[in-house]
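Q: After the sequence you'll find the predicted model.
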Amino acid sequence: MRLENKKPKLIVLLGPTACGKTSWSLRLAKKFNGDIISADSRQVYKDMNIGTAKEPGEWLRIGLRKTFFVQDIPHHLIDFLDPGKQFTISEFRDKALKYVKLAVKNRRQPFVVGGTGLYISALVDNFKIPKIPANKKLRNSLSEKSIDELFELLTLIDPESAKKIDKKNKRRVIRALEVSILSGEPFSKQKIKGEQLFNCLKIGIETDREVLYKRIDERVDQMIKDGLEQEVKKLVDKKYIWELPSMSGIGYRQFKDYFDGKISLKQVVENLKKETRRYAKRQLTWFRRDKDIKWCKTYEEAEELVCRFLECK
RNA sequence: GGUACGGUAGCCAAGCGGUAAGGCGAGGGUCUGCAAAACCCUUAUACGCGGGUUCAAUUCCCGCCCGUACCU
């Protein structure tokens, strides 16, 4: 108990896309002297603003360090990466950890805010991620094989993983092989959770599915009005290819067929709405199994929880 | 009014004398270096209505209703 209290307090605000994380997080951060660490795999990219629903902000120099501010609240891990670059969970975990610690050191309350469940887990549950970076050569040679061959190989090298992994998921099977081969140790033995580093309050924003879907539709329409097409066009003109992780996100990849003259803008909008809804569904599936999440219907409930958690008054 | 074509689950759609593919959508799930990704599972006693032929009709015939196109 005493040990628990010594751990820094971390507040996580999560929920499916378009549930209102940004606005809640800003209110909470203003009230509780917060720093926001974004856990969003797409908002990391520069020049991808409309499609990722990034709140407008500006980079300001504080001392030696430049920080992205949204309404006077410092935001980290947002708007900093070239869309041509890759960002991975390992990098997220390390950087997020750094920013959380920095906030604590500066006596500011860290808020982790986002919808990328895996990223949040990696930080909160202290994942020890195998230090085996993507090996292009190996991946290429492996992807030439059929999924069945690969799976058979995995059964030989790492039967434990083979038992659990999706047999048809080439990407996952290849990664398991990659780690096992390059490290010389089975992947299954390397999926380790360290001791929890934080005393953590997880708040989920609860929204009716129907209401959420309606908000998604409206948000997509707004994105189009705000000039999403031009934003994507600019990225394409800058030679960012569709195969990039950044360009494969919702809001971007849907424009490929449109620019190729295969579908109309109306169809883009429809696809965009549809895929965003499906994405929200997947996020909910992810969050559902985390029983620690305190689901709140209103902002006031969330604020109350935070208040109690921080023992303020 | 006439001619042609069509009417199959929420939507699209194949099929055909022996009670019916698939896709979309929807829902559920997996998740440790692409995670807004990738992958998996589930889903409905659906053949417009009424007759007839037949051992048997969603499938053939007749009539009706509805839709679409064209003609007058």
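A: Structure's in. What do you need?

Q: Do a quick rundown of the strands in chain A.
A: A:9-14, A:34-38, A:58-62, A:65-70, A:73-76, A:109-114, A:127-128, A:192-193, A:199-205, A:294-296 (DSSP state E).

Q: Which of the residues in the last one are classified as buried?
A: Read it as strand A:294-296. Taking 16 or more other CB atoms under 10 Å as the neighbour-count basis, strand A:294-296 is seen to contain the buried residues A:Trp295, A:Cys296. For the C-beta atoms, the positions are set from N, CA and C on the backbone; glycine is no exception.

Q: Any chance of the strands of chain A in a markdown table with mean pLDDT and distance to RNA strand B as columns?
A: Output for the strands of chain A, formatted as a markdown table (pLDDT from 0 to 100; distance: least, CB to the nearest atom of the strand, whole Å):
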| stretch | mean pLDDT | distance to RNA strand B |
| --- | --- | --- |
| strand A:9-14 | 98 | 11 |
| strand A:34-38 | 98 | 9 |
| strand A:58-62 | 94 | 19 |
| strand A:65-70 | 95 | 14 |
| strand A:73-76 | 98 | 14 |
| strand A:109-114 | 98 | 8 |
| strand A:127-128 | 96 | 3 |
| strand A:192-193 | 96 | 4 |
| strand A:199-205 | 98 | 14 |
| strand A:294-296 | 98 | 14 |
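
Q: Restricting to C-alpha, output stretch A:190-198 in CSV.
A: Once non-C-alpha atoms are left out, stretch A:190-198 reads as follows in CSV (Å, rounded to 0.1, in the frame of the first residue of the first chain):
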residue,chain,number,x,y,z
GLN,A,190,9.8,-12.3,-24.8
LYS,A,191,6.4,-10.9,-24.4
ILE,A,192,7.0,-9.6,-20.9
LYS,A,193,5.2,-7.2,-18.7
GLY,A,194,7.4,-5.4,-16.1
GLU,A,195,6.2,-4.1,-12.8
GLN,A,196,3.6,-1.4,-13.1
LEU,A,197,5.4,2.0,-12.9
PHE,A,198,2.5,4.2,-12.1
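
Q: Check which residues of that stretch are buried.
A: By neighbour count on 16+ other CB under 10 Å, the buried set for stretch A:190-198 is A:Gln190, A:Lys191, A:Leu197, A:Phe198.

Q: which of the residues you listed come close to RNA strand B?
A: Among the buried residues of stretch A:190-198, proximity to RNA strand B is found for A:Gln190, A:Lys191 (CB under 7 Å from any atom of the strand).

Q: Name the nearest of the buried residues of stretch A:190-198 relative to A:Asn169.
A: Closest approach between the buried residues of stretch A:190-198 and A:Asn169, by CB to CB: A:Lys191, at 15.6 Å.

Q: For that closest one, give me its contacts.
A: By CB atoms under 8 Å, 6 or more residues apart in numbering, the residues touching A:Lys191 are A:Phe127, A:Pro130.
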